[in-house]
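Undergrad: The amino acid sequence is not available; the structure is as follows:
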C-alpha cells in the first residue's frame, strides 16, 4: 500500500506541475515514477501489475474516443497519404538507426515502429487548448493520428501472436479486423439509434460506456487478442457526437485516475537505459525532430495544404506516441526486446512529448518557414491598387465576392485552399493561393494599396499580423469573442463581432459603409 500511495502522490505532483507549466502530463508522470524508483527500487508487486493493466486499458479507451473519422472530413485522403508515408519512412529510419548500433533486426523492427507514430493524447490536448481542432491542418493531423494508431494496433495484434507462426499472425489480423468492424458498426449505426430511441439518465450515461468498454475487452479476450486492443476499439466506437461529450463529462475523472496510475507506475518500475540505450535514445529523438517536420510538410503540401499549415502539422506530430511504450511492453513480454530497449523507447517518448509544446508554436513555424524553398524567390511585385482584398473565402466570403463582382468592384482574394483558388480563378476572380498572415502574400496581394482589407481568417494572431502590416484603419476583422474584439480595436482594426450579425447582416453593413451599390437592374431584380 505504501508503494501505491507514493505513486498516487507522484501523480498529484505531476498534474500540479502540468497545470503550472503547460507541459504534457504524460512525460511528467513517467518522470515522477522514475524519481520514485530511487525510493522504491524497481517494485514489481502483483498489485502494481494490475494497476498497469487497468491504466493501459483506460489509456487506450481514452485515445480511441478522440479518433472519430468524421472529424477528418474532406482531408481523409490527404491524411491517409501523409499518415502512411510518414509511418513507414520514419519507421525505416528508426530501424536503420537500431541496426547501425548493433541491435538485432527484430529489436530494430520494434524501435522503428516505436518512432513511427505520434501521440494522440498530446496532440489532441494541444489542438483543444489552441482552439485549432477544426482548422484544416487540425483535421489533417487528427486523420494522420487515426491512420497511425490503427496501423500500430494491427501490428501489436500481429506481433503478440508471432510465436504461433505466419498462420497465427494472419489469424490475429483477421480477428482484429472483425473487432474493428464491430466498432465501426456501433459508431455509425447502433449508437446513434440507441441515443435517439431512449432518454438516458445520468446513471445510464455512466454505465453505458463502461458496459461497452467491458464488452469489447471481453470480445478481445474471447478472440485471443490483447485486452488493450478491445479497449481502443471501444473508445473509437463511442467517439461520435454526442456520445463523446457524455463520456468526457462522466468518465473523465475515472479515466484520468487510471492513466495517472499507469504512467507513474511505469516510470517507477523502469530505470534509465545503459550507454548503448542512451545513445539510441539521442539518435531517435534527433530523427523525430529533424525528419518529421520536413517530411510531413512535403507530404501535406503535395496533398494541397499551404506551406504554413503543412509545417504546423509537421511540428505538432514531432513526438513519439504512448503506443510506442505499449508496443515495447508487448515486445518485452514476447521476449523480442530487452529491458534496455524498453527504457530507451520510454525515454524517447518522455523527451519528445515534453518538447512538443515548445517546438510546435507559431513563432517556430514562422522561423522555419523562412527556410522554405518558396522564400528563396525574389520578393513578389504587385501592381494591384484600389481594390477590395478578402483574406479567406468561406461561404460568406464567396457571397461577398459575388456581390462585389456584380457591383463592378475590383476584388482580390487570398485563400490557402487550392480548390477554392482554382474555382475563383475560373470564375474570373483575381485569387492568390497562400496564407493571409504571410507578409509576402500580403505584399503580392497589394494589401497596403487596397481600398479595404477584409480578414475572415480563424486566428486572432493572423488578424493582428494583417493590421500591423497594413498600418491603417482599413482592416475589417471577423472575430467571435468580445475580448478579442477589444484587443483588435486598440490595435487599429475595424471589428465585426460575428457572433452577433449573421452573414447577410454583415454584407448589408459592408455595402452601406463602402457604398457598394448594385446596378439599377439588380435593384429591381436582386435574384436575377
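TA: Happy to help now that I have it. Keep in mind it's a predicted model, so treat the numbers as computed, not measured.
Undergrad: What does the pLDDT read for residue 343?
TA: You'll see residue 343 listed with a pLDDT of 89.
Undergrad: what about it, distance to residue 177?
TA: Residue 343 sits 33 Å away from residue 177 when distances are taken as CB to CB, to the nearest Å. Every C-beta, even on glycine, is put in place using the N, C-alpha and C of the backbone.
Undergrad: I figured residue 277 was touching residue 341, is that so?
TA: Yes. Contact criterion CB atoms under 8 Å: residue 277 and residue 341 qualify, at 6.8 Å.
Undergrad: higher neighbour count, residue 343 and residue 177?
TA: Neighbours per residue, other CB atoms under 10 Å: of residue 343 and residue 177, the larger number sits with residue 343, 21 against 12.
Undergrad: Provide the secondary structure category for residue 305.
TA: Using DSSP: H, G, I helix; E, B strand; the rest coil, the structure places residue 305 in coil.
Undergrad: burial of it, as a residue count?
TA: 25.
Undergrad: for it, what are its contacts?
TA: Contact partners of residue 305, counting by CB atoms under 8 Å, 6 or more residues apart in numbering, are 78, 136, 137, 140, 313, 416.
Undergrad: Same list, the residues you listed, but as JSON lines with neighbour count, pLDDT and secondary structure please.
TA: As requested, the contacts of residue 305 are exported to JSON lines (neighbours: other CB atoms under 10 Å; pLDDT from 0 to 100; DSSP: H, G, I helix; E, B strand; the rest coil):
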{"residue": "78", "neighbour count": "23", "pLDDT": "90", "secondary structure": "helix"}
{"residue": "136", "neighbour count": "22", "pLDDT": "85", "secondary structure": "helix"}
{"residue": "137", "neighbour count": "22", "pLDDT": "89", "secondary structure": "helix"}
{"residue": "140", "neighbour count": "30", "pLDDT": "92", "secondary structure": "helix"}
{"residue": "313", "neighbour count": "31", "pLDDT": "95", "secondary structure": "helix"}
{"residue": "416", "neighbour count": "26", "pLDDT": "88", "secondary structure": "coil"}
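Undergrad: Pick the one among those closest to residue 29.
TA: Of all the contacts of residue 305, residue 313 has the smallest distance to residue 29: 26.4 Å, by CB to CB.
Undergrad: Quick check: the closest one vs residue 488, distance?
TA: From residue 313 across to residue 488, the span is 27 Å (CB to CB).
Undergrad: got the phi/psi numbers for residue 118?
TA: phi -110, psi 160 (degrees, to the nearest 10).
Undergrad: count of residues packed around it?
TA: Counted by other CB under 10 Å, the residues lying close to residue 118 total 30.
Undergrad: With residue 49 instead?
TA: Look at residue 49: counted by other CB under 10 Å, it has 13 neighbours.
Undergrad: same check, this time on residue 480
TA: By other CB under 10 Å, the residues close to residue 480 number 13.
Undergrad: got it, and residue 228?
TA: With neighbours defined by other CB under 10 Å, the count for residue 228 comes to 24.
Undergrad: And it, which helix or strand is it part of?
TA: Element membership for residue 228 (DSSP states H and E) is helix 227-237.
Undergrad: Check residue 107 too.
TA: Using DSSP H and E, residue 107 sits in helix 105-116.
Undergrad: Any stretches of this structure with poor pLDDT?
TA: Along the chain, segments meeting pLDDT under 70 span 1, 3, 37-47, 196, 198-200, 378-382, 499-507, 509-510, 513-528.
Undergrad: domain ranges for it?
TA: 2-164+247-367, 386-524 (automatic domain parsing).
Undergrad: right, so these: which one is the most enclosed?
TA: For the domains of the chain, the largest average neighbour count (mean count of other CB atoms under 10 Å) is found in domain 2-164+247-367, namely a mean of 20.
Undergrad: Which residues does the helix holding residue 228 contact?
TA: Applying CB under 8 Å, 6+ apart, the contact partners of helix 227-237 are 53, 56-68, 149, 153, 156-157, 176, 179-180, 182-184, 186-187, 191, 212-213, 215-221, 326.
Undergrad: try it again with 6 Å
TA: With CB atoms under 6 Å, 6 or more residues apart in numbering as the test, helix 227-237 has contacts from 56-57, 60-61, 64-65, 67, 153, 157, 179, 183, 186-187, 212-213, 216-217, 219-220.
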